[in-house]
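Colleague: Here you go, sequence then predicted model.
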Amino acid sequence: MSTRWLRSTRVAEQLGTIAITLLGLLVLTFIIGRMMPADPVRAMVGEDATRET
């Protein structure tokens, strides 16, 4: 096998690994963003708090 083929295979493997890692981080960030409350103040005072609170 030529070194050029081995080098291109290694680059393709690294690019695949980077793509999978970035996809995983994207999914993880999306999930964490959906789990966090939209309004931190409402999360602290509760859902039943009045508007003045």
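Modeller: Yep, it's here.
Colleague: what ranges of this protein fall below the confidence cut-off?
Modeller: 1, 37, 53 (pLDDT under 70).
Colleague: helix or strand right after the top helix by length along the chain?
Modeller: Counting residues, the longest helix found in the chain (DSSP state H) is helix 3-35. Per DSSP states H and E, the first helix or strand lying C-terminal to helix 3-35 is helix 40-45.
Colleague: list the buried ones in that following helix?
Modeller: Residues of helix 40-45 include none that count as buried (16 or more other C-beta atoms under 10 Å). Placement of C-beta: from N, CA and C, glycine included.
Colleague: what about that helix, distance to the chain center?
Modeller: 24 Å (C-alpha atoms, centre = their mean, to the nearest Å).
Colleague: And for stretch 18-36?
Modeller: Relative to its chain's centre, stretch 18-36 lies at 2 Å (C-alpha atoms, centre = their mean).
Colleague: same check, this time on stretch 40-53
Modeller: In terms of C-alpha atoms, centre = their mean, the centre of stretch 40-53 is found 29 Å from the chain centre.
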